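Asks: Provided below are the primary sequence and the corresponding predicted coordinates.
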Amino acid sequence: MPNLTYEQLREATAGGAVALRSRTTLQPAGGKGDKVFPPTYSEGEGRNARAVYAIDERGTVLLDSVASQANRAELALLQGWDMGELEFPVPYVDFSEEIADLGKLTVLEAPHRIADAIFRDSLLGGTLFRLSVIGQAITDATPRNATALFHHSPTALLFGIWDSTGPKGGLGSKFQRAYVSEIVGHDAKIGNKVRSRIDPLQIKKLASDERAYNHQDPNQVWTFNPDEAERDSKGEPVFASRGTESGVAGQPSKINHGNVVPSIDGSTGGVTISKALQTTVLSLAALRRLRFACHGKGAEIAARTAIAALGVAAIAYQYEMDYDLRSRCLLIPEHAPSVELVGRDGSPAQVVSLDRSTAAEILNQAASCATQQGIGWSTSDMRLDPDPKLIELIKRSRKQSATEQPTE
């Protein structure tokens with residue numbers, strides 16, 4: 001099977017295909033038939049809420065959603081960018097001087113990409129990002145003139161954005177997601193999950209009139225002495241709690257000691273599946289709706305091809321990042337990645353192979369051709385500094401979180 005080439009991608013993007021499609025069959029790392037754990041979602045409200053899996057009537061279970069897959073694809077591109085294998089604009093906010101553990105936060109990590117409030121509340125050259133020349137151009141970008149976004153943050157045109165936090169609010173520009181990927185498990189059957197804990201200290205039920213309180217010093221956690229207890233707004237000592245429940249007399253479990261009675265969970269005990277399937281579709285039709293004002297047809301094709309090349313790189317690099325979706329959900333592909341060029345007439349798709357080096361080469365060619373057409377990417381580093389008020393917001397939030405009891 002031949003490798004995908006830049007020329008094939010350009011021809012497809014120009015109108016030769018409707019979409020690029022990649023389908024990967026996966027099995028649990030423990031072997032076929034082993035149990036995997038899908039993400040859980042809340043069903044119901046209040047005390048009636050419970051965690052469930054997203055299983056449809058066909059027995060298909062969601063293992064990784066479209067939004068989650070987009071985040072993983074962005075991190076795959078970020079890995080290639082960090083390693084210097086992929087070159088494209090990646091704006092970032094540098095928190096390293098004020099909050100070292102945050103370091104640099106890029107558009108590939110921000111939930112709403114370049115339209116995120118993190119960028120809105122940061123400074124470019126000492127000016128609030130939205131008020132800067134570049135920020136205003138990005139704010140004014142629309143699908144009918146996406147040049148500013150392509151120039152400074154092209155991944156936004158691949159994964160889509162809605163500029164709802166900008167000066168236009170809900171009327172801010174929307175860019176359709178062109179890259180859509182999802183992983184589902186077939187023939188899903190829910191299993192059981194058991195819980196239990198044997199306390200080596202053998203701490204059991206206390207007397208009915210004995211209570212533990214939250215200690216006024218968070219480092220001490222709890223105390224039997226009410227004089228050392230944390231006080232509520234009425235001046236009363238606060239009973240020790242676990243999660244959102246108040247402490248109950250005689251229950252050491254409220255302070256994380258004692259046995260946990262064995263129990264069975266029959267709703268979120270993992271699933272067995274016949275196989276998992278990752279389906280990724282890059283809509284070339286969506287890319288063809290993007291326009292770049294004041295540029296000719298050749299430049300528009302080159303720009304769209306460069307965005308498509310980012311999608312191709314996301315497919316190849318995500319494959320090599322492996323499929324460790326969450327605890328107890330590691331999947332192994334049964335074959336190497338490939339790409340199908342899907343035509344508009346329903347004829348059999350042309351299948352080509354794809355690997356990391358091929359994807360990087362195609363992206364490099366696409367960027368070079370766009371530059372030659374006068375619509376190249378920005379080559380300067382777009383570094384933003386967090387506004388002092390954003391730093392203060394983070395510090396105040398962290399201070400408050402440190403005083404609160406953790407919940408389960």
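Replies: That came through fine. Remember, it's a predicted structure, so these values are computed and weren't measured experimentally.
Asks: Quick check: residue 306 touching residue 155?
Replies: No: checked against Cβ atoms under 8 Å, the pair residue 306 and residue 155 is beyond contact range at 11.0 Å. Every C-beta, even on glycine, is put in place using the N, C-alpha and C of the backbone.
Asks: which regions of the stretch 251-400 of the chain sit below the pLDDT cut-off?
Replies: 251 (pLDDT under 70).
Asks: What is the burial count for residue 399?
Replies: For residue 399, the count of nearby residues is 9 (other Cβ atoms under 10 Å).
Asks: For it, which residues are in contact?
Replies: By Cβ atoms under 8 Å, 6 or more residues apart in numbering, the contact set of residue 399 is empty.
Asks: give me the element it is part of.
Replies: helix 388-403 (DSSP states H and E).
Asks: tell me which residues in that helix are buried?
Replies: Across helix 388-403, burial judged by 16 or more other Cβ atoms under 10 Å covers 390-391.
Asks: All the strands of the stretch 51-200 of the chain, in order from the start?
Replies: Ranges of strands within the stretch 51-200 of the chain are 61-64, 92-94, 104-106, 122-124, 127-128, 161-162, 174-175, 179-186, 189-190, 193-197, based on DSSP state E, counting those that start in this stretch.
Asks: Find the one among the ones you listed with the highest mean neighbour count.
Replies: Highest mean neighbour count among these (mean count of other Cβ atoms under 10 Å): strand 61-64, with a mean of 24.
Asks: Identify all contacting residues around that one.
Replies: By Cβ under 8 Å, 6+ apart, the residues outside strand 61-64 that reach it are 36, 38-39, 53-55, 72, 182-185, 188, 271, 273, 276, 278, 325, 329, 331.
Asks: rerun at 6 Å
Replies: Strand 61-64 is contacted from outside by 38, 53-55, 183-185, 188, 271, 276, 325, using Cβ atoms under 6 Å, 6 or more residues apart in numbering.
Asks: how close does the nearest residue in space to residue 296 that is not next to it in sequence get to residue 134?
Replies: Once flanking residues are discounted, residue 296 sits nearest to residue 373: 7.7 Å by Cβ to Cβ, 6 or more residues apart in numbering. Using Cβ to Cβ, to the nearest Å, we find residue 373 at a distance of 21 Å from residue 134.
Asks: tell me, how many neighbours does residue 348 end up with?
Replies: Residue 348 - counted by other Cβ under 10 Å - has 8 other residues nearby.
Asks: Next one: it from residue 402, what distance?
Replies: 60 Å.
Asks: again with residue 388
Replies: 21 Å.
Asks: same check, this time on residue 128
Replies: Counting by Cβ to Cβ, the gap from residue 128 to residue 402 is 29 Å.
Asks: And for residue 384?
Replies: 27 Å.
Asks: For the stretch 251-400 of the chain, just list every one of the helices.
Replies: Listed in chain order, the helices of the stretch 251-400 of the chain (DSSP state H, counting those that start in this stretch) span 284-288, 297-320, 356-372, 388-403.
Asks: Out of the ones you listed, which is closest to residue 148?
Replies: Counting by Cβ to Cβ, residue 148 lies closest to helix 297-320 out of those; the figure is 12.0 Å.
Asks: Identify the residues contacting that closest one?
Replies: 9-10, 13-14, 22, 72-73, 76-77, 80, 86, 150, 154, 157-158, 179, 280, 282, 287, 292, 337, 354, 356, 359, 362-363, 366-367, 369-370, 373-375.
Asks: The residues you listed, buried ones only, as a ChimeraX selection?
Replies: Buried subset of the contacts of helix 297-320, written as a ChimeraX selection, criterion 16+ other Cβ under 10 Å:
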select :9,10,13,14,22,72,73,76,77,80,86,150,154,157,158,179,280,282,287,292,337,354,356,359,362,363,366,367,369,370,373,375
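Asks: just to revisit the earlier point, kindly reformat the strands of the stretch 51-200 of the chain as a markdown table containing distance to residue 2.
Replies: Putting those into a markdown table (distance: least, Cβ to Cβ, whole Å) gives the following:
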| stretch | distance to residue 2 |
| --- | --- |
| strand 61-64 | 30 |
| strand 92-94 | 37 |
| strand 104-106 | 34 |
| strand 122-124 | 44 |
| strand 127-128 | 50 |
| strand 161-162 | 35 |
| strand 174-175 | 33 |
| strand 179-186 | 23 |
| strand 189-190 | 40 |
| strand 193-197 | 47 |
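Asks: so which of the ones you listed gets nearest residue 264?
Replies: The nearest among the strands of the stretch 51-200 of the chain, by Cβ to Cβ, is strand 193-197 at 5.5 Å.
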